[in-house]
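**Student:** The sequence isn't on hand, but the structure is:
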């Protein structure tokens, strides 16, 4: 009797996503905090939930959970509830960045995922505060007082997330992006911008999951390489899809980057070279998993394939 | 020979403030991070430094350092560099909140401490990103990888700061404030708003310092009461000064709250009752210190006096 089933990313993802959606809906809440005697104000929570729930591919949570699964051996202490918290925390950071990015003083977008953006729905001040509160909530999720995440792991998780979100990570990348519209960036500068703007948080997703499973140094190094390759590939594929996909498939306006005179991999390297570069990065991601010494890496491998082969 | 000197808050504060200013200037930086090979972008860091350096009373850092001194016995493990990090982290949260508060979609203030506000100087997008990055940097400060703050303490500090900054703390209070302009708040609702908006972070300042010194349960409970009374007193005195001080002394427009039809303690309780309430809260703060079982509380006592007796 053969008990081995081939791994299905689809089945695995559906199970993880159900847990993530439930957890986000539970944790982004106006319910009173017993220790305080009050909860977050309803209006604020409404905007936060609008920004977070029912939307997005949840790539970052899936990366965190896949990395946790890869490193969490049955005989070492591991923290599945810590991994779920980390998965949701990184999604809150991603969600807050979209809320602030969409505001009139940034990209001035009025639609996201087919819905009015947060500032359209709740006003600019409401969007500003919802984003600010989501960032704080990410760190609240990582630091529960119920013993579900060991204190030392809490410190490690906050360190990873803060650096990925901050001025040498996501916020820094956005600042570079803002300063570089209409500028001629070379490939190195473009890569640096994306490494901060989207790469840092994608890589951190992987490292957060690994930290929850208390990965070995060898595994951590390998997963860091995997996360870096995946983060770069994500952006290269984004730029490729901006010219090859139509708006309907993409769910957003195709060709927008070129129209906005934004530097992209395609504008710098050409379409074919960009496609080849994405394949190279995918191979690097797989090679890193091979060098990790970990056996349970099917979900991480599948997510890398998905990132590079996606149609939107 | 008598070696006992009477405690001077002025002398003590000057010494602490020098350390805080130096630390903030060192930590809000574009210097490359060795592990990354890059630093934060210059433009972003400029805006962050503009928002943080050379300004403000630094009440929150002083509270954190005073609480640390009160609990850190010479024979227990204590972490002065942790306390300095906590002191600066809470100031970064305060600074980011001012940057976002001043933006056109919030209070639309163009001057702060006699200088153009951050969005006037660096643009709205620059202010938004600087605020976002300052919040992340606060958590970076609490989670260094150099061993200067034990990992378990890092987790505890992040937990305290995140809750004070987030939707059940500062951001929540701002949301209530936003929703209550022109509304008739009763005294309980007004107190709740201020408890979140300014009280939570002031109280957290005290608790962060206490956590760095690994306070006993008794001391922690007492300091929590001290911080709560001080946080409330701070706002009551603010409201009193808004009607009793002139604009020059205040450094901002006096009578602004009344003009904006904002509910205040004075508008609800009258001037005399508000002044009496502030004195009651000061007495509560002193009583809490008396019940703390701590001997080294002169700085905390002095800061409470200063908050209630200040002229601006």
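**Tutor:** Cool, the structure landed. None of these values were measured; they are calculated from a predicted model.

**Student:** Compute the distance between the nearest residue to residue A:121 once chain neighbours are set aside and chain B, please.
**Tutor:** Closest residue to residue A:121 apart from its sequence neighbours, by Cβ to Cβ, 6 or more residues apart in numbering or on different chains: residue A:50 at 6.2 Å. All C-beta atoms are positioned from the backbone trio N, CA, C, and that covers glycine. Between residue A:50 and chain B the computed distance is 14 Å (Cβ to the nearest Cβ, to the nearest Å).

**Student:** For residue A:50, give me its contacts.
**Tutor:** A:115, A:118, A:121, A:122, A:130 (Cβ atoms under 8 Å, 6 or more residues apart in numbering or on different chains).

**Student:** which of those count as buried?
**Tutor:** Buried positions within these, assessed by neighbour count (16 or more other Cβ atoms under 10 Å in any protein chain shown), are A:118, A:122, A:130.

**Student:** Would you format those as CSV with pLDDT included?
**Tutor:** Below are the buried ones among the contacts of residue A:50 laid out as CSV (pLDDT from 0 to 100):
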residue, pLDDT
A:118, 97
A:122, 97
A:130, 98
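
**Student:** thinking again about what came up before, would the residue nearest to residue A:121 count as being in a strand?
**Tutor:** No - Residue A:50 is assigned helix when assessed by DSSP: H, G, I helix; E, B strand; the rest coil, not a strand.

**Student:** a markdown table for the buried ones among the contacts of residue A:50, including distance to residue B:290 and secondary structure?
**Tutor:** Listed next are these as a markdown table, based on distance: Cβ to Cβ, whole Å; DSSP: H, G, I helix; E, B strand; the rest coil:
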| residue | distance to residue B:290 | secondary structure |
| --- | --- | --- |
| A:118 | 48 | helix |
| A:122 | 46 | helix |
| A:130 | 42 | helix |
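
**Student:** How much space separates the most centrally placed residue in chain A from chain B?
**Tutor:** Geometric centre of chain A, nearest residue: residue A:60, 3.2 Å, by Cα atoms, centre = their mean. Per Cβ to the nearest Cβ, residue A:60 is found 16 Å from chain B.

**Student:** residues contacting that residue?
**Tutor:** A:87, A:90, A:91, A:94, A:201, A:202, A:205.

**Student:** Give me the secondary structure label for it.
**Tutor:** Residue A:60, by the three-state scheme (three-state DSSP), is helix.

**Student:** so is the closest residue to chain B within the stretch 201-312 of chain A in a helix, a strand, or just coil?
**Tutor:** Nearest to chain B in the stretch 201-312 of chain A, going by Cβ to the nearest Cβ, is residue A:224, at a distance of 10.7 Å. Put simply, residue A:224 is helix when judged by three-state DSSP.

**Student:** what's around it, how many residues?
**Tutor:** 17 (other Cβ atoms under 10 Å in any protein chain shown).

**Student:** now residue A:94
**Tutor:** For residue A:94, the neighbour count with other Cβ under 10 Å is 23.

**Student:** Excluding sequence neighbours, find me the nearest residue to residue A:215.
**Tutor:** Residue nearest to residue A:215 in three dimensions, not counting chain neighbours: residue A:71, with 4.0 Å by Cβ to Cβ, 6+ apart.

**Student:** Let me see the contact set for that neighbour.
**Tutor:** Shown in contact with residue A:71 (Cβ under 8 Å, 6+ apart): A:78, A:209, A:210, A:213, A:214, A:215, A:216, A:219, A:223, A:294.

**Student:** So what's the residue count around the fourth one?
**Tutor:** This points to residue A:213. By the other Cβ under 10 Å criterion, the neighbourhood of residue A:213 contains 24 residues.

**Student:** Quick check, it in contact with residue A:68.
**Tutor:** Yes - using Cβ atoms under 8 Å, residue A:213 and residue A:68 qualify as a contacting pair, with a distance of 4.8 Å.

**Student:** Out of the contacts of residue A:60, flag the one nearest to residue B:24.
**Tutor:** residue A:201 (26.0 Å; Cβ to Cβ).

**Student:** So for that closest one, what's the pLDDT?
**Tutor:** Per-residue pLDDT puts residue A:201 at 98.

**Student:** can you count the residues close to the closest residue in space to residue A:244 that isn't next to it in sequence?
**Tutor:** Among residues not flanking residue A:244 along the chain, residue A:271 sits closest, at 7.4 Å (Cβ to Cβ, 6+ apart). Residue A:271 has 14 neighbours, counted by other Cβ under 10 Å.

**Student:** Find the residue ranges of the stretch 201-312 of chain A scoring beneath the pLDDT cut-off.
**Tutor:** The model of the stretch 201-312 of chain A has pLDDT under 70 over residues A:247-260.

**Student:** can you do 80?
**Tutor:** Residue ranges of the stretch 201-312 of chain A with pLDDT under 80: A:246-262, A:312.

**Student:** quick one, helices of it?
**Tutor:** Taking DSSP state H, counting those that start in this stretch, the helices of the stretch 201-312 of chain A run over residues A:217-244, A:247-250, A:256-259, A:265-269, A:271-290, A:298-309.

**Student:** how about a markdown table for these, with distance to residue A:14 added?
**Tutor:** Shown next, in a markdown table, are the helices of the stretch 201-312 of chain A (distance: least, Cβ to Cβ, whole Å):
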| stretch | distance to residue A:14 |
| --- | --- |
| helix A:217-244 | 21 |
| helix A:247-250 | 22 |
| helix A:256-259 | 31 |
| helix A:265-269 | 31 |
| helix A:271-290 | 22 |
| helix A:298-309 | 12 |
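
**Student:** nearest to residue A:83, of those?
**Tutor:** helix A:298-309 (12.2 Å).

**Student:** Close to chain B: what parts of the stretch 1-150 of chain A are there?
**Tutor:** Residues of the stretch 1-150 of chain A lying close to chain B by Cβ under 8 Å from any Cβ of the partner chain are A:33, A:36, A:38-41, A:43-45, A:48, A:96-97, A:100, A:103, A:105-106, A:123-126, A:128-129, A:131-133, A:135-140, A:142-145, A:149.

**Student:** Can you list which of the residues you listed are found in helices?
**Tutor:** Residues of the residues of the stretch 1-150 of chain A next to chain B located in helices (DSSP state H): A:43-45, A:48, A:96-97, A:100, A:124-126, A:128-129, A:131-133, A:135-140, A:142.

**Student:** how about the residues of the stretch 151-300 of chain A near chain B?
**Tutor:** A:151-156, A:158-159, A:161-163, A:165-169, A:171-172, A:174-176, A:178-179, A:192, A:196.

**Student:** now, which of the buried ones among the contacts of residue A:50 sits nearest chain B?
**Tutor:** Nearest to chain B, judged by Cβ to the nearest Cβ, of the buried ones among the contacts of residue A:50 is residue A:130 at 8.4 Å.

**Student:** which residue packs closest to that closest one, ignoring adjacent ones?
**Tutor:** The spatial neighbour of residue A:130 that comes closest, neighbours along the chain excluded (Cβ to Cβ, 6+ apart), is residue A:47 at 3.8 Å.

**Student:** what's the one you found in contact with, if anything?
**Tutor:** Residue A:47 neighbours (Cβ under 8 Å, 6+ apart): A:118, A:121, A:122, A:126, A:127, A:129, A:130.
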